[in-house]
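*Asks:* no sequence for this one, just the structure:
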């Protein structure tokens, strides 16, 4: 059986792969593993994004946690980074988010945070998984007053907003900003935070109905935002994903500014103010080559990890860095929160615009984005890690690596959260690399079907 946990918790199609039964088991095993050393009755905070299956899975998970003696605080629809922050603030024993991030509505996921707001290490996830596979062997189920209970809070999102606007003090008076909330968890928090700071906010896709999350909107579908920014003559556009832990931007001309560019803009500004710890940024192997060159030219140390913001975070903690993230828009400001935080990313970017008086298009010129093609090959989940075991695929990859040696790079990797193998090629000619990436992705899909 494949490992339950991917790079960002447990993901799957809700009610098919990620069932209420599995959610209950994750609640039982997760509550036990995360709190077994506690001498008091533990408390777990639970939040979710806007997808329709959220309540079903959240209640199943909380039932599981209560069955092993843990109390739960349910804060409802709220961004993932809010749960990470509030877990620390309220001094609870763990946090859980029910979300599948940028995935379509039929998917959902469960991710855990420890008492300090950090995602769990592999070893702790393995322990949770082993308990589930062993049918909760060794766990004592209390009766009577030993059973846990659930408390409901509706004010938690306000505390998250207050923390963000005080963490990044910026005057946005009169700045026109278009915000795409992805019909997700940021539909309230991002809009209210920007309004509180004085911005003239034009909000789109901020009417979630449980079924429309990420549907042709948000940070994975930015075409409407690009057009709207130009139409509104706005200074900037901001796009969040379903659980608001990532953010991408659009400049005043409607051009996308990705996570690499955002880190370049904010990182250089922090360095100029002496706030970029170790003069370093931590990113993944997926970052554009232009980002590497920018760091070298500006005296910034660039640390590289495998894909997944959890690995970025681990390296940041090891070396004491304050900024890290991914091209996809997961950006971690470790002095302010323990995970990717779309709202903090937005406020930091807006702060640079405010401090410098420059438009985003000018700020984005700090790095040259080299041509990059990314194509996904659909592969069964249990096969996606084995692509190099197929001779036709291995030979094709070797040919491409030779072809682009010295002029670009070829990166093939299985997705940590979806049934996909991702093919990424960088080179000088956009059309050529796109064709080669598509050809290889088609081969992988055909051979591994």
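*Replies:* Alright, I've got the coordinates. This one's a predicted model, so the numbers in the text were calculated from it and none came from an experiment. Numbering: from 1, shown residues only.

*Asks:* now do the lowest-mean-pLDDT helix or strand in the chain: distance to the chain's middle.
*Replies:* Every helix and strand in the chain was compared by mean pLDDT, DSSP states H and E; the lowest is strand 5-6, with a mean of 86. The chain centre lies 14 Å from the centre of strand 5-6; the measure is Cα atoms, centre = their mean, to the nearest Å.

*Asks:* tell me which strands and helices that strand is in contact with?
*Replies:* The helices and strands touching strand 5-6, judged by 3 or more Cβ pairs under 8 Å, 6 or more residues apart in numbering; DSSP states H and E, are helix 122-133. Where C-beta positions appear, they are placed from N, C-alpha and C, glycine not excepted.

*Asks:* helices of the stretch 201-350 of the chain, start to end?
*Replies:* Ranges of helices in the stretch 201-350 of the chain, per DSSP state H, counting those that start in this stretch, are 223-232, 259-272, 289-297, 309-319, 342-356.

*Asks:* figure out which of those helices is closest to residue 401.
*Replies:* helix 289-297 (15.2 Å; Cβ to Cβ).

*Asks:* next, the angle helix 259-272 makes with that closest one.
*Replies:* If you take axes from the mean of the first three to the mean of the last three Cα atoms, to 10 degrees, helix 289-297 sits at 10 degrees to helix 259-272.

*Asks:* can you list contacts of helix 289-297?
*Replies:* Contacts with helix 289-297, where a contact means Cβ atoms under 8 Å, 6 or more residues apart in numbering, come from 260-261, 263-264, 267, 281, 283, 300-302, 327, 366-370, 408-409, 426.

*Asks:* burial count for the closest residue to residue 332 other than its chain neighbours?
*Replies:* With sequence-adjacent residues excluded and distances taken as Cβ to Cβ, 6 or more residues apart in numbering, residue 332 is closest to residue 324, at 5.1 Å. Using other Cβ atoms under 10 Å, residue 324 is surrounded by 30 other residues.

*Asks:* repeat for residue 157
*Replies:* Neighbours of residue 157 using other Cβ under 10 Å come to 21.

*Asks:* need the contact list for it.
*Replies:* Contacts of residue 157 (Cβ under 8 Å, 6+ apart): 75, 78, 82, 188-189.

*Asks:* change it to 10 Å
*Replies:* Going by Cβ atoms under 10 Å, 6 or more residues apart in numbering, residue 157 touches 47, 75-79, 82, 86, 185, 188-189, 192.

*Asks:* turn the residues you listed into CSV, including distance to residue 3, neighbour count and pLDDT.
*Replies:* What follows is those, written out as CSV (distance: Cβ to Cβ, whole Å; neighbours: other Cβ atoms under 10 Å; pLDDT from 0 to 100):
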residue, distance to residue 3, neighbour count, pLDDT
47, 25, 30, 98
75, 29, 24, 97
76, 30, 17, 96
77, 29, 24, 97
78, 28, 26, 98
79, 27, 32, 98
82, 28, 33, 98
86, 29, 24, 97
185, 26, 36, 98
188, 35, 18, 97
189, 32, 24, 98
192, 39, 16, 98
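
*Asks:* redo the helices of the stretch 201-350 of the chain as TSV? Include mean pLDDT, distance to residue 99 and mean neighbour count.
*Replies:* Formatted as TSV, the helices of the stretch 201-350 of the chain follow (pLDDT from 0 to 100; distance: least, Cβ to Cβ, whole Å; neighbours: other Cβ atoms under 10 Å):
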stretch	mean pLDDT	distance to residue 99	mean neighbour count
helix 223-232	98	21	18
helix 259-272	97	19	24
helix 289-297	91	28	18
helix 309-319	93	14	20
helix 342-356	98	13	23
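
*Asks:* returning to what we had before: now intersect the contacts of residue 157 with the strands, please.
*Replies:* Per DSSP state E, strands hold the following members of the contacts of residue 157: 47, 75-77.

*Asks:* now do the helix or strand hosting residue 159, average pLDDT.
*Replies:* Using DSSP states H and E, residue 159 sits within helix 156-167. Helix 156-167 comes out with an average pLDDT of 96.

*Asks:* who are the packing partners of the following helix or strand past that helix?
*Replies:* The helix or strand immediately downstream of helix 156-167 is strand 176-180, counting by DSSP H and E. Contacts defined by 3 or more Cβ pairs under 10 Å, 6 or more residues apart in numbering; DSSP states H and E place strand 176-180 against helix 186-196, strand 200-204, helix 223-232, strand 236-240, strand 247-250, helix 342-356.

*Asks:* which strands border strand 176-180, and is each parallel or antiparallel?
*Replies:* When pairing is defined by DSSP bridges, strand 176-180 lines up against strand 200-204 (parallel), strand 236-240 (parallel).

*Asks:* show me which positions of the helix or strand harbouring residue 34 end up buried.
*Replies:* Take DSSP H and E as the rule and residue 34 turns out to sit in helix 20-35. For helix 20-35, a neighbour-count test (16 or more other Cβ atoms under 10 Å) marks 20, 22-35 as buried.

*Asks:* ok, those vs residue 434, which is closest?
*Replies:* So of the buried residues of helix 20-35, ranked by how close each gets to residue 434 (Cβ to Cβ), first place is residue 22, at 38.7 Å.

*Asks:* who are the neighbours in contact with that closest one?
*Replies:* So residue 22 contacts 4, 10, 12, 57, 60-61, 64, 110, 132 (Cβ under 10 Å, 6+ apart).

*Asks:* in a markdown table, list those residues along with distance to residue 443.
*Replies:* Below are those laid out as a markdown table (distance: Cβ to Cβ, whole Å):
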| residue | distance to residue 443 |
| --- | --- |
| 4 | 30 |
| 10 | 30 |
| 12 | 27 |
| 57 | 37 |
| 60 | 41 |
| 61 | 40 |
| 64 | 43 |
| 110 | 34 |
| 132 | 36 |
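
*Asks:* is there a neighbour count for residue 156? I'd like the number.
*Replies:* Applying other Cβ under 10 Å, we find 21 residues neighbouring residue 156.
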